[in-house]
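**Q** Whatever this is, show me its structure:
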Amino acid sequence: MKRDTRQRARLRLDERLSVLKPEDRFRPPPKGWMRAIRDAIGMTGVQLAARLGVRPQTVEAIEKSEASGSVQLSTLRRAAEAMDCTLVYALVPNSSLENAVHQRARKIAIRALQRVAHTMRLEAQETGDAGMEARIEAYIRDVLKDRDLWNEP
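**A** Down below sits the predicted model:
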């Protein structure tokens with residue numbers, strides 16, 4: 001996939017995911033979404049168990065596993081459908097995907113250019129900080145490949 005194709009894909013995803021900001025609006029209730037929805041619609045655990053074809057104790061276990069964050073998505077999806085809901089699952093980046101890629105590229109470029117500057121300083125060929133931004137952008141544009149951004153932690 002070419003760099004500009006990836007960039008367009010990132011920008012489209014950023015646009016789609018922006019409606020999920022701020023993500024704290026989707027923080028689950030203390031007992032989990034399943035229990036909150038079930039209580040809000042007046043459905044008992046026994047009734048949900050019957051709709052799922054499981055024992056009432058299983059519903060309780062599922063609700064506890066959701067609240068603790070260990071529920072399986074397939075199980076949560078089945079429970080949602082049994083309550084006439086749709087499970088929505090998303091990974092919401094902390095910043096835009098475009099910004100994350102740019103910041104990562106910038107960090108790698110600065111690290112590489114600092115090594116070069118150190119070597120040049122040792123050889124008394126220091127270039128100074130003038131034009132550093134231009135060198136960083138040139139390094140990102142000319143040297144870095146998208147696949148190289150995530151090789152290091």
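**Q** So which elements touch the longest helix anywhere in the chain?
**A** Using DSSP state H to define each element, the chain has its longest helix at helix 97-122. Contact analysis of helix 97-122 by 3 or more Cβ pairs under 8 Å, 6 or more residues apart in numbering; DSSP states H and E lists helix 3-17, helix 132-142 as its packing neighbours. Using the backbone N, CA and C atoms, a C-beta is placed for each residue, glycine as well.
**Q** and those, which one is worst for confidence?
**A** Of all those, the minimum mean pLDDT falls on helix 132-142 (a mean of 86).
**Q** elements contacting that one?
**A** For helix 132-142, the elements it packs on are helix 97-122, judged by 3+ Cβ pairs under 8 Å, 6+ apart.
**Q** coming back round to it: so can I have a markdown table of the helices and strands packed on helix 97-122 showing distance to Arg78?
**A** As requested, the helices and strands packed on helix 97-122 are arranged in a markdown table below (distance: least, Cβ to Cβ, whole Å):
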| stretch | distance to Arg78 |
| --- | --- |
| helix 3-17 | 26 |
| helix 132-142 | 46 |
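**Q** would you turn these into TSV with distance to Thr86 and mean neighbour count?
**A** Output for the helices and strands packed on helix 97-122, formatted as TSV (distance: least, Cβ to Cβ, whole Å; neighbours: other Cβ atoms under 10 Å):
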stretch	distance to Thr86	mean neighbour count
helix 3-17	17	13
helix 132-142	40	13
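**Q** So which bits of the helix or strand of the chain with the lowest mean pLDDT are buried?
**A** Counting by mean pLDDT, DSSP states H and E, the chain has its least confident helix or strand at helix 97-122, which shows a mean of 80. Of the residues in helix 97-122, those buried under the neighbour-count criterion (16 or more other Cβ atoms under 10 Å) are Leu97, Val101, His102, Arg104, Ala105, Arg106, Ile108, Ala109, Ile110, Leu113, Ala117.
**Q** quick one: it to helix 132-142, angle?
**A** What separates the directions of helix 97-122 and helix 132-142 is an angle of 120 degrees, with axes from the mean of the first three to the mean of the last three Cα atoms, to 10 degrees.
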